[in-house]
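*Asks:* sharing a sequence plus its predicted fold:
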Amino acid sequence: MRVRVEATGPLTTVQDTGRPGYAALGVPRSGALDRPAAALAARLVGLPPRAAVLEVTLGGLRLAAPPRPCWVAVTGARAPVTADGRARPHAEAFWWATGPLELGAPADGVRSYVALGGGLEVAPVLGSRSTDVLAGLGPAPLAPGDVLPVGDAPGTPVAVDVAGVRRPGLLRLHPGPRADWVDDALERLCRARWRVLPASNRVGLRLTPEDEALPRAAAYAGAELPSEGMVLGAVQVPPDGGAVVFLSDHPTTGGYPVVAVVDETDLWQAAQARPGERVGFTRA
């Protein structure tokens with residue numbers, strides 16, 4: 001079937017687990033920023049964890065009534081959900097039949113994930129249906145009037161599933177390859193108080209220190225690095241002494257020193273951190 005998009009909010013994209021293995025060709029991994037939430041949404045409606053779902057930034061999604069009923073699950077940031085004219089649960093499969101499906105703005109967090117039974121069948125690029133906003137690969141971000149192809153099977157929801165308790169904490173850090181470019185880099189990162197900047201997006205979580213910036217070590221004052229390969233979770237320190245945590249759509253190379261790398265299992269917290277909120281680090 002095909003489902004029409006009526007509104008998208010600030011940004012709605014199609015995401016799966018991404019396209020790993022192409023960094024040497026200059027293609028980043030992409031994929032859902034909050035991977036556990038995306039996998040849970042898929043699993044709840046009977047899809048495999050790699051299935052494509054919708055990543056909805058700060059709510060505002062509206063889908064027209066489906067041509068035929070299907071199962072739906074919404075996870076991630078807890079946004080108010082209505083379908084067929086009534087409120088629907090979070091992190092639980094429900095039957096969508098006759099009216100529009102709408103997501104309001106979440107009270108906490110940034111990104112919600114919507115899985116439709118049958119799965120989204122947009123054309124894959126390099127083996128993935130993910131939208132990469134930096135490289136421009138995959139389907140374009142959704143716009144009103146777009147039509148989403150959905151698989152023929154309505155899906156079978158799991159009989160029993162439990163959404164894990166998620167408590168945001170400190171992002172755990174591993175030493176980076178250029179930790180010596182900032183004196184006591186990990187200690188300074190963990191000691192400082194950081195706030196999320198509005199410029200944060202799917203490329204990176206941009207942070208500004210509330211107190212002490214990260215100065216370059218004397219041995220590297222004024223020095224420049226040639227572009228080097230970047231990995232998911234890399235923490236770059238630009239000249240202003242702030243920090244950037246690279247997320248799913250990060251570039252494959254960069255010229256600022258990577259002084260640390262966030263543990264991959266903690267990156268869902270970066271996906272849900274709002275501008276103005278405080279983020280902290282600790283040693284892994």
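*Replies:* Structure received.
*Asks:* apart from its neighbours in sequence, what residue is nearest residue 273?
*Replies:* Counting by C-beta to C-beta, 6 or more residues apart in numbering, residue 273 lies nearest to residue 196, which is 4.9 Å off, once chain neighbours are set aside. All C-beta atoms are positioned from the backbone trio N, CA, C, and that covers glycine.
*Asks:* what sits against the one you found?
*Replies:* Going by C-beta atoms under 8 Å, 6 or more residues apart in numbering, residue 196 touches 205, 206, 207, 273, 274, 275, 276, 277, 278, 279.
*Asks:* thought residue 77 was touching the fourth one, still the case?
*Replies:* No. With contact defined as C-beta atoms under 8 Å, residue 273 and residue 77 do not form a contacting pair (10.8 Å).
*Asks:* need the overlap of contacts for the two.
*Replies:* Shared contacts of residue 273 and residue 77 (C-beta under 8 Å, 6+ apart): residue 110.
*Asks:* start and end of stretch 122-138, how far apart?
*Replies:* Its start and end residues considered, stretch 122-138 measures 9 Å (C-alpha to C-alpha, to the nearest Å).
*Asks:* determine the longest helix present in the chain.
*Replies:* Assignment by DSSP state H gives helix 35-44 as the longest helix of the chain.
*Asks:* sorry, back to before: among the contacts of residue 196, who's most crowded?
*Replies:* Within the contacts of residue 196, most neighbours by other C-beta atoms under 10 Å means residue 205, with 27 neighbours.
*Asks:* and that one, that's in a strand?
*Replies:* Yes. Counting by DSSP: H, G, I helix; E, B strand; the rest coil, residue 205 is located in a strand.
*Asks:* quickly list what it is bridged to.
*Replies:* When assigned by DSSP bridges, residue 205 has beta-bridge partners residue 245.
*Asks:* can you pull out the helices in the chain?
*Replies:* Taking DSSP H as the criterion, the chain carries its helices at 35-44, 185-191, 267-271.
*Asks:* export those as CSV, with columns for distance to residue 215 and mean pLDDT.
*Replies:* Converted to CSV, these look like this (distance: least, C-beta to C-beta, whole Å; pLDDT from 0 to 100):
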stretch, distance to residue 215, mean pLDDT
helix 35-44, 34, 95
helix 185-191, 9, 94
helix 267-271, 24, 96
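*Asks:* among the ones you listed, show me which one is buried the most.
*Replies:* helix 35-44 (a mean of 24; mean count of other C-beta atoms under 10 Å).
*Asks:* still on that earlier bit, can you give me how far the longest helix of the chain is from the chain middle?
*Replies:* 12 Å (C-alpha atoms, centre = their mean, to the nearest Å).
*Asks:* same check on stretch 237-250?
*Replies:* Relative to its parent chain, stretch 237-250 has a centroid offset of 16 Å by C-alpha atoms, centre = their mean.
*Asks:* what's the end-to-end length of it?
*Replies:* Chord length of stretch 237-250, first to last residue, is 15 Å (C-alpha to C-alpha).
*Asks:* how many residues are close by residue 234?
*Replies:* For residue 234, the tally of surrounding residues (other C-beta under 10 Å) stands at 24.
*Asks:* was I right about it contacting residue 247?
*Replies:* No. Counting by C-beta under 8 Å, residue 234 stays clear of residue 247, with 9.8 Å between them.
*Asks:* so who does the residue nearest the centre of the chain touch?
*Replies:* The centroid of the chain falls nearest to residue 33 when counting by C-alpha atoms, centre = their mean (1.8 Å). Neighbouring residues of residue 33 by C-beta under 8 Å, 6+ apart: 15, 55, 111, 202, 247, 248, 267, 268, 270, 271.
*Asks:* just to revisit the earlier point, pull the most distant pair out of the contacts of residue 196.
*Replies:* Spatial extent of the contacts of residue 196 (C-beta to C-beta) is set by the pair 206 and 278 at 13.9 Å.
*Asks:* beta partners for residue 94?
*Replies:* On the basis of DSSP bridges, residue 94 is bridged to residue 72.
*Asks:* how close does it get to residue 81?
*Replies:* For residue 94, the distance to residue 81 equals 8 Å [C-beta to C-beta, to the nearest Å].
*Asks:* cheers, nothing more for now.
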